[in-house]
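K.L.:
Here's a sequence, model it:
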Amino acid sequence: PRRRPPATGADPPPRANSLFFNQFPVFSHNSTQEQSCPTMASFKVAASLLAISALSTTHGFTSQAPSTRPVSRLHATDEAFQRSLLEAQFANDAAPTTTTTATAVNGDKEPHVASAASAPIDNTSILNSILRIAASTNRGQHAKPSQKDQVSQLITDLESNAPKIESALESSTGTWELLFSNTQLFRSSPFFLAGRSTCKTPEQAQQYNWFCEMHRGALAISTIGVVRQIITNEGQLVNEFEVKVGAVPFLSDFLPLKYSGGLPFTIDGSIVSTADATPISSNEWELFMDTVEIKGSNIPFLRSVLDSGNVQLKSRGLSQVLEENVDSYEVPKPVLRTTFIDEGMRIVRDEDDNMFVYGRVSKSQEPTDYSGVMADLGVASLLEGFNDAVTKVYL
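P.N.:
Got it, this is the predicted structure:
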């Protein structure tokens, strides 16, 4: 077998960094040039150290003081490029971010990260979120505590971004319907607002809140319909609270009939309360309760009595009697505070910060006319529907 010729001194073994130097002519290995120019050999050693230092660091430079030796154009370009990347990274890290927790309609928590440069508050988006929860919870009657907290936060955000209210009374004239509340819907009535105003201590206020809870529980068989509010230019506030109750829910208790549920007869009516609203500031009203009456009842014979006006509750006359005979009695005048209003939405808070969200129906300042409601317990409409669906007998 043939033997390999011995290696000569002119062909040194390849170095670990030979691939790096062989890519550039100025760094290529040439023993003759080294021998003829010792300065070039020293320069190659220095360049090797600089290259290894650049490759072994994280961002292309070290914390040591910069060298005064000249560096290659490649190393300077690489360092400038990595420095620009590092500055961009620092700029991104310096932008503060805030993490908020949004609550879905079902009450679950949904994390959301927003940057400091996020868009300003969008009132339309907030109003849509409030309306979505109001629709899914029957105006807040079936809302969970987490949903009420979410609406409270949304309303707070809306109020913080709302323009200053110059005159709440002038902006509020027209017909409104209650869309959401974090308390019982009937507490929007001036009658119940005046009842709360009679409480002078926190204990009395707590007792009144308990009474309202029990009041709604006792009337759980009733269905609350439209809760409407009409405000006039003269400062009169009319609150219409429509309600429906089953007329014959337990017929099997009186007759030998076995069936499930009640008959489709209902007692309908609207509890109408009026009060005078006197502005005490640009966004606050003081209410002076006037009358309470029932309109639009469909109970035969009772309807004519109710419509006569002789059974109205005239609270001012009662207050006057109490004020003349009871030294400690003060006429209750609750205060309502308008915190947000635009062309279609109005938000009001009472003295306990309970929230009432109203939607504008029209500019009309006329109370609802209930004269067209028939006093027949709904029998006529029931027979009409039965004929249209089953018998189909027409004259």
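
K.L.:
Who is Phe288 paired with across the strands?
P.N.:
Beta-bridge partners recorded for Phe288 (DSSP bridges): Asp276.

K.L.:
Please put the alpha-carbon coordinates of stretch 363-381 into CSV.
P.N.:
Extracted in CSV, the C-alpha atoms of stretch 363-381 (Å, rounded to 0.1, in the frame of the first residue of the first chain):
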residue,chain,number,x,y,z
LYS,A,363,-91.2,63.2,22.3
SER,A,364,-94.8,62.9,23.3
GLN,A,365,-95.7,64.4,26.7
GLU,A,366,-99.2,62.9,26.9
PRO,A,367,-99.9,60.1,29.4
THR,A,368,-101.1,56.7,28.0
ASP,A,369,-104.9,56.6,27.2
TYR,A,370,-106.3,53.4,28.7
SER,A,371,-109.9,54.0,27.7
GLY,A,372,-109.7,51.4,25.0
VAL,A,373,-109.0,48.6,27.4
MET,A,374,-112.1,46.4,27.7
ALA,A,375,-113.3,45.4,31.2
ASP,A,376,-114.0,41.7,30.5
LEU,A,377,-111.0,39.9,32.1
GLY,A,378,-109.8,39.2,28.6
VAL,A,379,-112.8,36.9,27.8
ALA,A,380,-113.6,38.7,24.5
SER,A,381,-110.0,38.4,23.2
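
K.L.:
Show the average pLDDT along that stretch.
P.N.:
This predicted structure assigns stretch 363-381 an average pLDDT of 91.

K.L.:
Show me what that stretch is in contact with.
P.N.:
Outside stretch 363-381, the residues within contact range by Cβ atoms under 8 Å, 6 or more residues apart in numbering are 173-175, 228, 230-233, 238, 240, 247, 264-268, 270, 272, 295-304. C-beta here means a position set from N, CA and C on the backbone, and glycine is covered the same way.

K.L.:
Among those residues, the buried ones, what's the ChimeraX command?
P.N.:
Selecting just the buried residues from these in ChimeraX takes one command, with 16 or more other Cβ atoms under 10 Å as the test:
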select :173,174,175,228,230,231,232,238,240,247,265,266,267,268,270,272,295,296,297,298,299,303
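
K.L.:
Among the contacts of stretch 363-381, name the ones in helices.
P.N.:
The members of the contacts of stretch 363-381 that map onto helices under DSSP state H are 302-304.

K.L.:
ranges for the strands of the stretch 201-350 of the chain?
P.N.:
In order along the chain, the stretch 201-350 of the chain carries the following strands (DSSP state E, counting those that start in this stretch): 222-231, 236-246, 266-279, 284-295, 313-314, 335-341, 345-349.

K.L.:
by how many degrees do the longest one and strand 335-341 diverge?
P.N.:
In other words, strand 266-279. Here strand 266-279 runs at an angle of 90 degrees relative to strand 335-341 (axes from the mean of the first three to the mean of the last three Cα atoms, to 10 degrees).

K.L.:
So which other helices or strands are in contact with strand 266-279?
P.N.:
When contacts are defined as 3 or more Cβ pairs under 8 Å, 6 or more residues apart in numbering; DSSP states H and E, strand 266-279 packs onto helix 168-172, helix 190-197, strand 236-246, strand 284-295.

K.L.:
Of these, flag the one that's most buried.
P.N.:
Each of the helices and strands packed on strand 266-279 was assessed for mean neighbour count using mean count of other Cβ atoms under 10 Å. The highest is helix 190-197, with a mean of 21.

K.L.:
Need the contact partners of that helix.
P.N.:
Helix 190-197 is touched from outside by 186-187, 205, 208, 212, 237, 239, 273-275, 287, 289, 292, 315, 332-334, 336, 350-352, with contacts defined as Cβ under 8 Å, 6+ apart.

K.L.:
Cheers, nothing more for now.
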